[in-house]
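Peer 1: what would the 3D arrangement of this be:
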Amino acid sequence: MLVAIVFGWFILSSVFAALDGFPTPAAFSDASLVGLMVTELVLGAMALSFLRFRGHALKDLLPAPDWRGAMEGTVLCGAAIIACGVVNALLPSSPGAVDPVAQMLAQAKPSLTVALAASVLNGLYEETFLLGYLMRGFASFGASFALGLSVLVRVLYHLYQGPAGAVSIVVFGIMLGVSYWRTRRLWPAVVAHILADIIGLSW
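Peer 2: Okay, here's the model as predicted:
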């Protein structure tokens with residue numbers, strides 16, 4: 001139920017984009033990023049209210065910021081970006097292959113303030129529910145199942161990014177998931193995601 005609340009709309013729109021042949025989405029702009037933030041705030045509030053109603057301790061779900069975790073997240077982000085680059089370089093290239101996310105980022109024109117705000121909120125939103133709730137909630141089924149489930153959901157709502165984007169999402173999701181599984185600390189993964197979004201939107 002919670003996955004449907006948090007990611008249902010995003011999964012549905014991504015599946016439709018995949019079925020439509022990965023049309024190039026509109027470039028990121030202040031308006032589109034503000035719209036995303038409003039959507040995540042509304043859905044996030046609904047999800048947290050649902051969890052509180054079900055008796056979940058929200059303080060155990062949310063990340064605990066600290067400087068050590070921020071440094072670890074920075075290193076994790078760098079390692080994940082390198083790993084994504086290596087994997088993509090090793091895969092055979094397909095001339096003329098659709099790469100919607102590259103086109104979106106190439107045309108992105110958000111202001112720095114909005115890009116930073118959207119990156120922070122998106123990193124918190126996704127990792128809180130993917131790792132802090134979903135992966136943690138299925139930990140009793142073992143590392144492979146819990147990690148695989150979180151990566152599957154992550155890929156499903158990023159399908160609009162096309163095949164090349166999906167590969168990077170899988171690698172990135174595995175890197176963050178393994179880090180969380182080993183440490184059970186959410187903040188480094190959140191920081192890594194925030195930094196990756198900032199880099200993507202600003203460069």
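
Peer 1: C-alpha from now on. contacts and neighbour counts both.
Peer 2: OK.

Peer 1: any idea which helix or strand carries the residue nearest the centre of the chain?
Peer 2: Per Cα atoms, centre = their mean, the C-alpha nearest to the average position across the chain is that of Glu126, at 5.0 Å. Assigned by DSSP states H and E, Glu126 belongs to helix 112-127.

Peer 1: could you do Gly165 as well?
Peer 2: Counting by DSSP H and E, Gly165 is found in helix 162-183.

Peer 1: circling back: chain center to the helix holding Glu126: distance?
Peer 2: Centre-to-centre, helix 112-127 and its host chain are 10 Å apart (Cα atoms, centre = their mean, to the nearest Å).

Peer 1: that one: which residues count as buried?
Peer 2: 114-116, 118-127 (16 or more other Cα atoms under 10 Å).

Peer 1: so, low pLDDT: which residues of this protein?
Peer 2: In the predicted model of the chain, residues 24-26, 93-108, 203 satisfy pLDDT under 70.

Peer 1: what residues does stretch 125-138 touch?
Peer 2: If you take Cα atoms under 8 Å, 6 or more residues apart in numbering as the criterion, stretch 125-138 is touched by 6, 40, 44, 61-63, 145-147, 149-150, 153-154, 177, 180, 186, 189-190, 193.

Peer 1: tell me the buried residues in it?
Peer 2: The neighbour-count check on stretch 125-138 (16+ other Cα under 10 Å) flags 125-136, 138 as buried.

Peer 1: repeat that for stretch 68-85.
Peer 2: Going by neighbour count (16+ other Cα under 10 Å), the buried part of stretch 68-85 is Gly69, Ala70, Glu72, Gly73, Thr74, Leu76, Cys77, Ala80, Ile81, Ala83, Cys84.

Peer 1: looking at those, which is nearest Ser13?
Peer 2: Cys84 (24.5 Å; Cα to Cα).

Peer 1: so who does that closest one touch?
Peer 2: Val167, Ser168, Val171, Phe172.

Peer 1: so which helix or strand takes in the spatially closest residue to the first one that is not a sequence neighbour?
Peer 2: Going back to what we said before, that points to Val167. Distances taken as Cα to Cα, 6 or more residues apart in numbering place Asn88 nearest to Val167, at 7.3 Å, with adjacent residues excluded. In this assignment (DSSP H and E), Asn88 forms part of helix 67-90.

Peer 1: fine, thanks again, bye for now.
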